[in-house]
Every structure is written in structure tokens, then in C-alpha cells.
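Trainee: how would this look folded up:
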Amino acid sequence: MSADPTVLVIGGGATGTGIARDLAARGVDATLVDRGGLGSGTSGRSHGLLHSGARYAEADAEGARECIAENRTLREIAGACVRETDGLFVRLAGDDPDYFEEKVAACEAVGIPTERLDGDAAREAAPGLADDVEAAFRVPDGVIYPSRLVAANAADAERRGATVHPHAPVEDVTVRDGAVESVSVGGAVDATLTPDVVVNATGAWADAIAEMAGVEVGMAPSRGVMVSVEHEGLGPVLNRCRDPDDGDIVVPHDGEVVLGTTSVPVSDPDDYERADWEVERSIEECAAMLPAVADAPTVRTWWGVRPLYAPDETGQDRRGISRGFTLLEHERDGAAGLYSVVGGKLTTYRQMAETTADRVCERLGVDADCVTAEEPLAHADDPERLDELVEKYGGANPTDVDVVDAPADD
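Mentor: Below you'll find the model as predicted:
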């Protein structure tokens with residue numbers, strides 16, 4: 001590889017591929033690299049929930065507004081990358097009714113549509129729901145298939161002129177005279193690149209890239225387990241209507257449901273314990289909402305690491321850390337031209353990309369509007385083509401490996 005891009009995006013998850021797509025759509029020469037297959041970090045190891053924002057409504061109104069806005073956008077542009085299911089927030093007999101009312105009011109205050117259901121109506125909407133569900137409310141949650149979403153963004157970026165390289169790990173970042181001079185990339189690229197701008201979109205791994213450049217980010221990653229079990233017929237996403245805790249989300253797939261999750265701090269997103277108690281607790285707690293999952297056969301189990309940004313974090317419980325995102329410009333740290341985008345949620349990846357592309361374009365003197373909220377993703381309505389692209393970019397990831405129909409080898 002000899003041509004140096006104007007912008008090098010490091011990280012091939014939803015945010016990184018979204019940034020490459022956005023920049024390419026504005027006419028910026030962008031190259032994206034990832035050390036593995038695309039989506040193999042946090043994006044493809046999530047529970048795949050398309051948030052309505054209800055989960056955050058009472059604690060983070062701005063984050064909830066971001067979620068419902070991007071939820072609507074993805075339903076318009078992402079086609080077979082998402083599945084519209086709706087969601088129920090359910091209150092069991094022992095759950096706080098005041099919290100339930102606060103949650104409903106907070107959703108309505110930020111513009112998240114709600115519909116109240118009594119216990120019988122909730123069980124009709126979600127067959128198999130526990131008998132002691134006393135009340136519920138419906139919200140526009142859904143399901144994201146992240147392997148497809150990432151592949152569609154990467155393909156869209158490429159058709160607009162970007163270059164995408166999976167299996168191309170960054171090996172070093174050279175900073176000279178207060179600015180990024182070059183980035184050494186191995187694997188499929190095997191070259192030293194000299195971009196004008198470098199975007200660190202590696203999520204939970206952002207500290208590692210930043211350290212190569214001699215700057216600090218301040219990630220506070222936490223691990224969470226997902227357990228997929230056999231279960232037919234669940235329509236909506238289930239959310240336990242209580243303060244966020246272990247085992248309070250059930251996400252429907254065809255013939256399976258994904259149960260999650262836990263939140264345990266980790267110091268290294270590549271090397272952490274995977275504890276049996278997390279699996280057991282997630283199943284037990286989710287079974288309080290959907291009893292049949294207690295004895296359902298397990299299909300697969302995986303852990304993901306949340307890219308939480310909290311430079312001053314010292315506590316052990318990281319559930320309270322904001323799921324909002326932050327864009328760091330490292331010129332103030334002596335590495336001009338380097339940006340890190342951290343935090344956020346899969347649902348809000350496109351907004352994260354737009355904000356980052358806005359700042360990069362401002363630096364480059366590019367005057368072009370963002371179009372990613374209006375224009376459909378590449379091949380969004382062709383699931384077979386999307387799954388071919390998933391295979392091209394590194395294969396399906398744990399979240400949606402049961403859904404993505406990657407073509408067999410010849």
C-alpha cells in the first residue's frame with residue numbers, strides 16, 4: 001500500500017465504519033483499519049438492543065433523546081440490519097411501583113412513545129411472560145444485527161471512495177513536534193501511513209492506541225455476559241423496570257433469546273475473567289420475567305466489554321457511568337491531528353460518527369453537510385448481499401451469528 005489517506009480511522013466497529021462512511025460521503029479521502037474482522041470488538045459482542053432510550057430516560061434525559069432520535073433514523077436507513085420488535089418494560093410484584101411511574105413520566109417527557117399495559121395485556125403481547133408481572137409499558141425498542149450494520153457501513157464507505165482493511169493492526173503511532181506524523185500498520189496493510197488526521201475509534205481499546213501516541217484517554221471498561229438460549233415466540237424485547245442491574249434484558253431472535261447482562265470492571269479489555277456466576281445470575285434474573293428460559297438449552301455464551309469513558313472513575317460499580325459519548329481532540333495533549341471518540345452506545349453510533357466527521361472536516365477545511373441520516377446504507381434491503389459482505393469483512397460476530405447467513409465456502 002503506497003497511497004497515504006487524508007484521514008486514517010482506527011477501529012472497524014459501528015462507530016469507526018460509520019465515521020469512514022460519513023467522511024467519504026463528504027468527499028474526504030479516508031482509510032479504515034482494524035486489527036481483526038470488522039465488528040469483532042464491542043459492536044459484535046453486545047446484546048444487540050436497538051434502544052428506544054427508555055432505559056436511560058430518568059437518569060440521562062439527553063442520552064435518551066439521542067437514542068430515540070437515532071432509533072428512528074436507523075429504522076429508515078438500515079433495512080435488514082435492524083428488526084422492529086417493540087419492547088416492554090415490565091414490573092413484577094416485588095418491583096417499586098413508584099419507579100415504574102417515574103420511568104413512564106420520564107419517557108413521555110423526552111418524547112419516547114409509551115403505551116401502558118396491565119399484566120394480562122402484557123402476557124398477551126409477550127407469550128410466556130411471568131404470572132407475577134403486574135404492569136408494563138410498551139416502547140419502540142428493537143434489535144440490531146451488528147455484523148450486518150458494520151458491513152453495510154463499510155460497504156457504503158467503500159462505494160463512496162474510502163478504503164477498508166480488516167486484519168490490519170496498528171503497531172505504532174509516531175508524534176513529532178506536537179503532531180501525529182505517521183502510523184505503522186501491519187497485517188493486510190503492512191505499511192507506514194502519513195495521514196493528516198487520525199481518528200481513534202477503538203472503543204474499549206482507545207487507551208492502547210492513545211498510549212502509542214503518548215497521550216491519555218481514561219477508559220473504564222466493564223465486561224458483561226450474554227447468554228443465548230433456545231426459545232420460540234417472544235415478540236418484544238423485555239426490560240425489567242427497576243434500577244439497572246444484572247439480568248434485566250431479554251432480546252428476541254428467531255428461535256432464540258439473548259439474556260443479559262452483568263457489569264464487572266476490567267483493567268484489560270483483551271484479558272479478563274469470564275465467571276460462571278455471571279451466566280447463572282443472568283439466567284436466573286431473566287427467568288423472573290420469562291420463566292421458560294431457566295431450563296432452556298444454551299446455544300452460545302459470550303462476553304463483551306463496554307467502552308465506558310470515565311477518566312476520574314475509582315469505584316467498582318460502573319453502571320452509573322454515562323452512556324453518552326465524548327470526542328477528544330489531542331492537540332491540547334501535544335498530538336495535533338489525533339482524535340479519540342469514546343463512550344456511547346451501538347444505537348447512537350451514527351450520531352457519534354457525524355459529530356466526529358464534523359470536527360474532522362472543520363479541521364481540514366471541508367465544507368460539506370452530513371447526509372448519513374437521510375441516505376440508506378449500502379444494500380440495506382438485501383439481506384443476502386449483506387451477509388456476503390459480512391463474510392468479506394471477517395465473518396459474523398457472536399451477537400448475530402444465528403441470524404447472519406454467511407455463504408458457505410466453495
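
Trainee: now what about the lowest-mean-pLDDT helix or strand in the chain, what contacts it?
Mentor: Every helix and strand in the chain was compared by mean pLDDT, DSSP states H and E; the lowest is strand 325-329, with a mean of 93. Strand 325-329 is contacted from outside by 217, 309, 339-344, 348, 351-352, 355-356, 359, using C-beta atoms under 8 Å, 6 or more residues apart in numbering. For the C-beta atoms, the positions are set from N, CA and C on the backbone; glycine is no exception.

Trainee: From the contact counts, what lies against the next helix or strand after that strand?
Mentor: The helix or strand immediately downstream of strand 325-329 is strand 338-343, counting by DSSP states H and E. Here strand 338-343 touches strand 197-200, helix 206-212, strand 325-329, helix 349-364, going by 3 or more C-beta pairs under 8 Å, 6 or more residues apart in numbering; DSSP states H and E.

Trainee: out of these, nearest to P221?
Mentor: helix 206-212 (8.9 Å; C-beta to C-beta).

Trainee: sorry, back to before: buried sites along the least confident helix or strand of the chain?
Mentor: For strand 325-329, burial by neighbour count (16 or more other C-beta atoms under 10 Å) applies to 325-328.

Trainee: and if you look at stretch 363-372?
Mentor: For stretch 363-372, the neighbour count (16+ other C-beta under 10 Å) marks 363-364, 370, 372 as buried.

Trainee: follow-up on the earlier one: of the helices and strands packed on strand 338-343, flag the one that's most buried.
Mentor: Each of the helices and strands packed on strand 338-343 was scored by mean neighbour count; the highest is strand 197-200, a mean of 26, by mean count of other C-beta atoms under 10 Å.

Trainee: Name the residues that touch it?
Mentor: By C-beta under 8 Å, 6+ apart, strand 197-200 touches 6-11, 16, 19, 173, 180, 183, 206, 209-210, 217, 337-341, 356, 360, 363-364.

Trainee: partners of that strand in the sheet?
Mentor: strand 7-10 (parallel), strand 338-343 (parallel) (DSSP bridges).

Trainee: Flag every buried residue along stretch 232-241.
Mentor: 234, 236-241.

Trainee: How confident was the prediction at G247?
Mentor: Model confidence at G247, expressed as pLDDT, equals 95.

Trainee: Could you do the one 10 residues further on as well?
Mentor: We have a pLDDT of 98 for V257.

Trainee: Surely it is in a helix?
Mentor: No: counting by DSSP: H, G, I helix; E, B strand; the rest coil, V257 falls outside a helix, being strand.

Trainee: and it, how many residues sit next to it?
Mentor: By the criterion of other C-beta atoms under 10 Å, V257 has 26 neighbours.

Trainee: Poorly predicted segments of the protein, please.
Mentor: 1-2, 312-323, 406-410 (pLDDT under 70).

Trainee: burial count for the nearest residue in space to V403 that is not next to it in sequence?
Mentor: Distance criterion C-beta to C-beta, 6 or more residues apart in numbering; nearest residue to V403, sequence neighbours excluded, is Y145 at 5.5 Å. A count of neighbours around Y145, defined by other C-beta under 10 Å, yields 30.

Trainee: just checking, Y145 touches P398?
Mentor: No: if you go by C-beta atoms under 8 Å, Y145 and P398 don't touch, sitting 11.8 Å apart.

Trainee: Provide the backbone phi and psi angles at the residue of the chain positioned farthest from its centre.
Mentor: The C-alpha centroid of the chain is most remote from D177, which lies 35.4 Å away (C-alpha atoms, centre = their mean). Backbone torsions of D177, given as degrees, to the nearest 10, read phi 60, psi 40.

Trainee: Look up how far G53 lies from the closest residue to E58 other than its chain neighbours.
Mentor: Leaving aside its chain neighbours, E58 sits nearest to A106 (3.8 Å; criterion: C-beta to C-beta, 6+ apart). Distance from A106 to G53, counting by C-beta to C-beta, to the nearest Å: 10 Å.

Trainee: TSV for the buried residues of stretch 363-372, including distance to L386?
Mentor: As requested, the buried residues of stretch 363-372 are exported to TSV (distance: C-beta to C-beta, whole Å):
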residue	distance to L386
R363	33
L364	31
C370	23
T372	17
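
Trainee: Quick one: the helices in this structure, in order.
Mentor: 14-25, 61-77, 97-110, 119-125, 146-159, 206-212, 276-287, 349-364, 383-392 (DSSP state H).

Trainee: what comes up buried for the second one?
Mentor: Buried positions in helix 61-77, judged by neighbour count with 16+ other C-beta under 10 Å: 63-71, 73-74, 77.

Trainee: which other helices and strands contact it?
Mentor: Going by 3+ C-beta pairs under 8 Å, 6+ apart, helix 61-77 lies up against strand 82-84, helix 97-110, strand 142-144, helix 349-364.

Trainee: Of all those, which one is nearest S282?
Mentor: strand 142-144 (17.9 Å).

Trainee: List the neighbours of the closest one that are in contact with it.
Mentor: Against strand 142-144 from outside (C-beta under 8 Å, 6+ apart): 46, 48-50, 52, 71, 74-75, 78, 81-87, 237, 251-253, 346-347.

Trainee: Which among these count as buried?
Mentor: 46, 48-50, 52, 71, 74, 78, 81-83, 85-87, 237, 251-253, 346-347.

Trainee: pretty sure H167 is touching G394, no?
Mentor: Yes: taking C-beta under 8 Å as the definition, H167 is a contact partner of G394 at 7.1 Å.

Trainee: Now do the shared contacts for the two.
Mentor: Contacts common to H167 and G394, judged by C-beta under 8 Å, 6+ apart, are 36-37.
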